[in-house]
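Peer 1: A predicted structure for the sequence below; I have some questions about it.
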Amino acid sequence: MTQAINPLMPDWTSCQDLPRAHGGPLGRGRLRSEPADFQVEEQLGFAPDDEGDHLLLWVRKTDANTEWTARRLASLAGAPVSTVGYAGLKDRHAVTTQWFSVPRPRSDLPDWSSLAADGIEVLEVHPHRRKLRRGALTGNRFRIWVREVDLSPTELVARLESIRARGVPNYFGEQRFGHADGNLVRAQALFAGTAGRVPRHQRGLWLSAARSQIFNEVLAERVRRDDWDQPQPGDCLQLDGCQSHFSVEQIDESLRERGVRFDLHPTGPLWGAGAPPTRGAIQTLEDQVAARFPGWPEGFAAFGLEQERRALRLPVRDLTAQTNGDWLELGFELPAGSYATVVLRELIDWESTQN
């Protein structure tokens with residue numbers, strides 16, 4: 001356990017109050033009236049080996065989260081749940097299609113169809129050489145239906161064009177922070193030394209939420225300045241589609257053009273030990289935001305976290321939309337680690353109906 005650092009609760013911005021980049025919501029609607037209204041399909045980025053000691057399972061599940069599904073697959077395969085692999089976590093209140101891996105049974109294959117009663121369908125089975133690791137996916141494809149929508153088709157077309165041209169702020173979504181931002185409250189208890197003994201996995205969730213909040217606050221300041229998607233002197237820039245980044249003292253026309261083409265993106269801090277790679281006014285901004293959270297930067301370092309970066313801008317690729325009466329259907333693809341709700345909030349407000 002780290003030493004107590006600061007017991008005072010900082011004042012943070014909730015996800016609902018983060019500034020939007022493309023103007024106010026165009027209307028309101030109802031989201032997730034049933035699981036089929038929110039569909040996610042994982043993009044793995046590589047093909048199965050078709051040989052090896054593991055099986056890759058292409059699984060569609062309804063109203064079932066990833067970890068619970070992994071336990072059901074492990075039970076049917078007669079394997080420890082720790083040997084089941086998956087690339088990313090998916091929401092429960094949705095229809096989600098993703099890959100899992102299980103050790104290849106030495107005898108007959110399980111009857112995967114027996115999982116149908118649990119809302120789990122195994123669509124494909126392929127031999128594979130190794131366990132599927134977290135983060136192996138390249139992105140996710142979303143199809144979302146919003147009901148009871150009242151908006152102007154003309155305004156919708158203009159907003160979609162703006163999002164295609166600039167992307168959206170790459171905020172962490174509210175799922176990151178738990179009910180009523182409870183993960184942030186618990187992270188503060190960690191830093192204050194009042195949390196007691198906490199399982200490592202739980203502690204990691206709370207620390208990740210706290211880092212994410214500081215990132216969101218930095219991004220919110222950049223959105224208010226309207227330079228969240230434009231390289232600035234002193235920025236740390238990330239190449240699109242990878243984690244490689246580099247710092248720049250000055251911005252020339254070539255860098256501006258690459259920003260417009262989505263070849264690179266400004267980044268924000270995921271706080272930890274060490275100095276941030278930004279310079280000048282950008283570094284000052286990030287330091288000022290972190291100072292609103294007394295003890296948090298020191299707490300991240302005390303728990304062994306290092307400085308990392310995350311793109312401030314989220315490209316929204318293959319964005320489509322159509323209306324039918326009071327329904328709005330949206331389709332788009334996002335890179336791994338991003339949230340569909342941060343795209344939705346640039347279009348509409350919504351009420352969510354979940355079981």
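Peer 2: On my side now, so go ahead. Numbering: from 1, shown residues only.
Peer 1: pretty sure Arg222 belongs to a helix, no?
Peer 2: Yes. The assignment for Arg222, made by DSSP: H, G, I helix; E, B strand; the rest coil, places it in a helix.
Peer 1: Which parts of this structure are helices?
Peer 2: Remark: helices assigned in the chain by DSSP state H are 66-77, 153-166, 182-192, 200-225, 253-260, 280-290, 296-302, 341-344.
Peer 1: Redo those as JSON lines? Include distance to Ser101 and mean pLDDT.
Peer 2: Placement of C-beta: from N, CA and C, glycine included. Shown next, in JSON lines, are these (distance: least, C-beta to C-beta, whole Å; pLDDT from 0 to 100):
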{"stretch": "helix 66-77", "distance to Ser101": "9", "mean pLDDT": "95"}
{"stretch": "helix 153-166", "distance to Ser101": "35", "mean pLDDT": "97"}
{"stretch": "helix 182-192", "distance to Ser101": "29", "mean pLDDT": "94"}
{"stretch": "helix 200-225", "distance to Ser101": "20", "mean pLDDT": "97"}
{"stretch": "helix 253-260", "distance to Ser101": "37", "mean pLDDT": "96"}
{"stretch": "helix 280-290", "distance to Ser101": "39", "mean pLDDT": "97"}
{"stretch": "helix 296-302", "distance to Ser101": "32", "mean pLDDT": "96"}
{"stretch": "helix 341-344", "distance to Ser101": "28", "mean pLDDT": "97"}
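Peer 1: Of the ones you listed, which is nearest Pro315?
Peer 2: helix 153-166 (9.2 Å; C-beta to C-beta).
Peer 1: Please identify the buried residues of the closest one?
Peer 2: For helix 153-166, burial by neighbour count (16 or more other C-beta atoms under 10 Å) applies to 156, 159-160, 163, 166.
Peer 1: what does stretch 14-34 give?
Peer 2: 15, 18, 21-22, 25-27, 29-34.
Peer 1: which two from the residues you listed end up farthest apart in space?
Peer 2: The span of the buried residues of stretch 14-34, defined through C-beta to C-beta, is set by Ala21 and Glu34 at 30.3 Å.
Peer 1: want to throw the helices of the chain into a markdown table with distance to Glu124?
Peer 2: Below are the helices of the chain laid out as a markdown table (distance: least, C-beta to C-beta, whole Å):
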| stretch | distance to Glu124 |
| --- | --- |
| helix 66-77 | 14 |
| helix 153-166 | 32 |
| helix 182-192 | 35 |
| helix 200-225 | 30 |
| helix 253-260 | 38 |
| helix 280-290 | 45 |
| helix 296-302 | 41 |
| helix 341-344 | 28 |
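Peer 1: right, so of these, which gets closest to Gln175?
Peer 2: helix 341-344 (7.9 Å).
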